[in-house]
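> pasting a predicted model and its sequence here:
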Amino acid sequence: MGNPRTKQQMSIFRKLFGLSEKSENIAENKKFDIEKLLLSEDINSSIIELDNYIGALCSYGNEMNKLTEPQIQFYYNQCLEREISNGGFNQYFFNSSGNYAHLTVQSLLAIRANKTAEILQNAIDQFPNGNVPQDWTERQNILEKIQDSADLIWEKLDQRFYAYEDDLNNLNIEFVKQNKDEF
């Protein structure tokens, strides 16, 4: 049940600025132009644009239920790439992206980034029993205990990741093409 005063204020706002409920719904439901993005020759820009779109769509991981399964997989892959590029595996596991570590191995396999999935799995294996907790606080406590020994291995894995043994941009774009109806 909405607040009648809020609805009245929104009605006045719409009248002042020439908006109707219909025009607001069109703006909210505007379909992302996936065709244009997939036809672009600048794959990196396309990946960034799509990542920004999906990030906003799911409130940057806070509303994952708003995404389709292929969008979720794309999002996981981009979280990994962003975090590793900005601070390596230590940062990946430290930040909320570490919540998705195990699921990201699967999302990498879904796009056939097998070497990158192996690198991530090796990084995950530094956790006790190869289990990265989804709970941030629990993960932080474990990171404090394993960081010194894990960092030595993670730094080597960072370097392997940076070598891009898998062409992540092309693999992600091909995945999007194969699932474009769900983007």
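Everything's here; your move.
> please parse the protein into its domains.
Using automatic domain parsing, the domain parsing of the chain gives 1-30, 33-182.
> just give me the residue closest to the centre of the chain.
What sits nearest the mean C-alpha location of the chain, by Cα atoms, centre = their mean, is Tyr75, with 2.5 Å.
> low pLDDT regions in this protein?
Scanning the chain for pLDDT under 70 picks out 1-32.
> returning to what we had before: next helix or strand past whichever strand or helix holds the residue nearest to the centre of the chain?
Assigned by DSSP states H and E, Tyr75 belongs to helix 69-94. With elements assigned by DSSP H and E, the helix or strand that comes after helix 69-94 is helix 101-110.
> out of the domains of the chain, which one sits most buried?
Comparing the domains of the chain by mean neighbour count (mean count of other Cβ atoms under 10 Å), domain 33-182 ranks first with a mean of 17. For the C-beta atoms, the positions are set from N, CA and C on the backbone; glycine is no exception.
> show the end-to-end separation of that domain, please.
Separation of the first and last residues of domain 33-182 by Cα to Cα, to the nearest Å is 12 Å.
> how about Thr68, nearest residue that isn't a chain neighbour?
Once flanking residues are discounted, Thr68 sits nearest to Glu182: 4.1 Å by Cβ to Cβ, 6 or more residues apart in numbering.
> now do the same contact list for Ser46.
37-38, 40, 173 (Cβ atoms under 8 Å, 6 or more residues apart in numbering).
> got the residues you listed as TSV, with secondary structure and distance to Ala113 columns?
Shown next, in TSV, are these (DSSP: H, G, I helix; E, B strand; the rest coil; distance: Cβ to Cβ, whole Å):
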residue	secondary structure	distance to Ala113
Leu37	helix	20
Leu38	helix	19
Ser40	coil	21
Ile173	helix	12
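> what separation do you get for Glu49 and Pro128?
For Glu49, the distance to Pro128 (Cβ to Cβ, to the nearest Å) stands at 39 Å.
> same check on Gln121?
Following Cβ to Cβ, the distance that separates Gln121 from Pro128 is 15 Å.
> residues contacting stretch 154-173, please?
38, 43-44, 46-47, 74, 77-78, 81, 84, 88-90, 108, 111-116, 119, 122-123, 126.
> export it as PDB, just CAs?
Provided in PDB are the C-alpha atoms of stretch 154-173 (Å, rounded to 0.1, in the frame of the first residue of the first chain):
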ATOM      1  CA  TRP A 154      48.400 -15.700  -5.100                       C
ATOM      2  CA  GLU A 155      51.100 -13.400  -6.500                       C
ATOM      3  CA  LYS A 156      52.200 -16.200  -8.800                       C
ATOM      4  CA  LEU A 157      48.600 -16.800  -9.800                       C
ATOM      5  CA  ASP A 158      48.100 -13.100 -10.400                       C
ATOM      6  CA  GLN A 159      50.900 -13.200 -12.900                       C
ATOM      7  CA  ARG A 160      49.400 -16.200 -14.700                       C
ATOM      8  CA  PHE A 161      46.000 -14.400 -14.700                       C
ATOM      9  CA  TYR A 162      47.600 -11.300 -16.300                       C
ATOM     10  CA  ALA A 163      49.100 -13.500 -19.100                       C
ATOM     11  CA  TYR A 164      45.500 -14.100 -20.200                       C
ATOM     12  CA  GLU A 165      46.000 -17.700 -21.200                       C
ATOM     13  CA  ASP A 166      42.200 -17.500 -22.100                       C
ATOM     14  CA  ASP A 167      41.000 -14.600 -24.200                       C
ATOM     15  CA  LEU A 168      38.400 -13.600 -21.600                       C
ATOM     16  CA  ASN A 169      36.900 -10.700 -23.700                       C
ATOM     17  CA  ASN A 170      36.300 -12.800 -26.700                       C
ATOM     18  CA  LEU A 171      35.000 -15.800 -24.700                       C
ATOM     19  CA  ASN A 172      32.600 -13.500 -22.800                       C
ATOM     20  CA  ILE A 173      31.400 -11.800 -26.000                       C
END
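> done for today, thanks.
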